[in-house]
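Asker: This is a predicted model, with the sequence first.
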Amino acid sequence: MELFTLVAPCHFGLEAVLKREIYDLGYEITQVEDGRVIFEGDAEAICRANIYLRTAERVLLSIGRFKATTFESLFEQVKALAWEKYIPKDGKFWVKKASSIKSKLYSTSDIQSIVKKAIVERLKTTYNVSWFEEDGAEYPIRVFLMKDEVLVTLDTSGVSLHKRGYRTVSGKAPISETLAAALIMLTPWRGERSFVDPFCGSGTFAIEAAMMAANIAPGLNRSFTAENWTNLIERQLWYDVAKEAGEDIDTETVTDIQAYDIDGEVLKVARENAKRAGVDGMIHFQQRDVRDLNHSKKYGFVITNPPYGERLEEKEALGPLYSAIKEAMSRLDTWSFYLITSYEDAQRDIGKKATKNRKIYNGMIKTYFYQYPGPKPPKKKK
């Protein structure tokens, strides 16, 4: 059984959540860095990580890691890697993306060009050809430079893992599926507790929560680039892992997940998204103002992405909006409230400092995840 070094990028600051997920899948983590977790696994691990991980952005197969401060050094060290072990003679390969941070080599276009040329030179010698048809499976390459250290990888996922396949249209200021899942997993919420998102938009928080409650693997209804890498992964492995994930689903589980929005049109989108995700029967959608937020049950969770007021005319409405959240918190005094927002005066208008506060980038927007955990429910008598 051959072991690969696998790299799972994630949102900065949420590495611990992804680390827990990888441990739960049974794989050994070798390193945790800013924005990524590195672990070891076999061919099946590539399938399982892509299908099961909720918070990873993609799964990369590490080809090599080394230091380079000149383009000549970069070329020679990339060429020295055993590319024939990964890319077959008919493989279509290109450098999909290169990034460089605090490195002497900073031109990403030059990095891409030189890495591609080095791989071509290596494979020309190995396969004894002067031209590659590149009409077989795709092998996209991603290269990362950080402080002159180069990490060269193959992208097993293809389209980013946040694209589960259920969201075709987004509302305003959408939150990605992977970020929504990670934020929910940062809280103590479990499927048996009530869950409300009063600013549901396209429904991402509620849908991710329902998928967790029903044990639906996030990658079950999409495809991955590495499915065609039959030189490395037997196709049957993908079928076996998908079958296992399908058998774990329990949409009959009893949940209380509610999603509200004041915009009726955006609710239509949310309902369609939930239907595509297979959880429409688990979520109660309703057109409702946050000022009417209430619930008959105790010890529930509000996890939400309220408006940020990115446009000037919207900022004026934010004070009263966050004051409405304050009112809801006083009505639901046994509930836990978790909000991600870029609104700097959120705590002032809520009238209460968050117990915990994490800085997280939602795309290019600097946001804060304000955490107001409520009291723990009394233990059930045996």
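Answerer: On my side now, so go ahead.
Asker: can you give me the strands in this protein?
Answerer: Assigned by DSSP state E, the strands in the chain fall at 4-9, 28-33, 36-41, 60-67, 92-101, 138-146, 149-155, 195-197, 257-261, 283-287, 301-304, 336-341, 356-362, 365-372.
Asker: least reliable of the ones you listed going by mean pLDDT?
Answerer: Across the strands of the chain, strand 356-362 has the smallest mean pLDDT, namely a mean of 90.
Asker: Sketch out the low-pLDDT regions of this protein for me.
Answerer: Where the chain drops to pLDDT under 70, the residues are 169-173, 309-314, 382.
Asker: Pick out the residue closest to the middle of it.
Answerer: Central residue of the chain (C-alpha atoms, centre = their mean): T178, 2.6 Å from the mean position.
Asker: isn't that residue right up against H11?
Answerer: Yes: the pair formed by T178 and H11 meets the contact definition of C-beta atoms under 8 Å, at 7.0 Å. For every residue, glycine as well, the C-beta is placed using N, CA and C.
Asker: Can you report how many residues lie near K19?
Answerer: For K19, the count of nearby residues is 17 (other C-beta atoms under 10 Å).
Asker: and if you look at the one 4 residues further on?
Answerer: Using other C-beta under 10 Å, Y23 is surrounded by 13 other residues.
Asker: can you offset everything so residue one is 672?
Answerer: Sure, I'll start numbering at 672, so the last one becomes Y694.
Asker: for it, what are its contacts?
Answerer: Applying C-beta atoms under 8 Å, 6 or more residues apart in numbering to Y694 gives the contacts I700.
Asker: before we move on, the earlier item: intersection of neighbour lists for T849 and H682?
Answerer: What both T849 and H682 touch, as defined by C-beta under 8 Å, 6+ apart, is the set 726, 728.
Asker: circling back to that earlier point, list the residues that contact the residue nearest to the centre of the chain.
Answerer: Per C-beta under 8 Å, 6+ apart, neighbours of T849: 681-682, 725-728, 831-833.
Asker: Then T779?
Answerer: 768-771.
Asker: Just give me the closest of those to G712.
Answerer: K768 (22.9 Å; C-beta to C-beta).
Asker: Report the separation between the residue lying closest to that closest one once chain neighbours are set aside and L822.
Answerer: If the residues on either side of it in the chain are set aside, K768 comes closest to R813, at 5.1 Å by C-beta to C-beta, 6 or more residues apart in numbering. Per C-beta to C-beta, to the nearest Å, R813 is found 9 Å from L822.
Asker: what does A769 give?
Answerer: A769 is 11 Å from L822, by C-beta to C-beta.
Asker: Common neighbours of those two, please.
Answerer: Joint contacts of A769 and L822 (C-beta under 8 Å, 6+ apart) are 814-816.
Asker: So what pairs up with E809 in the strands?
Answerer: On the basis of DSSP bridges, E809 is bridged to K763.
Asker: Surely the residue nearest to K768 and I782 touch.
Answerer: No: counting by C-beta under 8 Å, R813 sits too far from I782 to count as a contact (11.0 Å).
Asker: overlap in contacts of these two?
Answerer: 766, 769.
Asker: the more surrounded of these two?
Answerer: I782 (25 against 20).
Asker: can you map out the helices along this structure?
Answerer: 686-696, 714-723, 742-750, 779-798, 848-856, 875-884, 906-918, 935-948, 983-986, 989-1002, 1017-1021 (DSSP state H).
Asker: got the contact list for the last one?
Answerer: Contact with helix 1017-1021 is made by 989-990, 993-994, 996-997, 1000, 1010, 1024-1025, 1039, 1041, as judged by C-beta under 8 Å, 6+ apart.
Asker: run the last query once more with 7 Å
Answerer: 990, 993-994, 996-997, 1010, 1024-1025, 1041 (C-beta atoms under 7 Å, 6 or more residues apart in numbering).
Asker: want to throw these into JSON lines with distance to I878 and neighbour count?
Answerer: Output for the contacts of helix 1017-1021, formatted as JSON lines (distance: C-beta to C-beta, whole Å; neighbours: other C-beta atoms under 10 Å):
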{"residue": "G990", "distance to I878": "30", "neighbour count": "14"}
{"residue": "Y993", "distance to I878": "25", "neighbour count": "23"}
{"residue": "S994", "distance to I878": "28", "neighbour count": "15"}
{"residue": "I996", "distance to I878": "22", "neighbour count": "25"}
{"residue": "K997", "distance to I878": "27", "neighbour count": "13"}
{"residue": "L1010", "distance to I878": "18", "neighbour count": "24"}
{"residue": "K1024", "distance to I878": "31", "neighbour count": "10"}
{"residue": "A1025", "distance to I878": "25", "neighbour count": "18"}
{"residue": "Y1041", "distance to I878": "22", "neighbour count": "22"}
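Asker: want to try CSV for the residues you listed, with distance to F737 as columns?
Answerer: As requested, the contacts of helix 1017-1021 are exported to CSV (distance: C-beta to C-beta, whole Å):
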residue, distance to F737
G990, 53
Y993, 50
S994, 55
I996, 50
K997, 54
L1010, 43
K1024, 47
A1025, 43
Y1041, 42
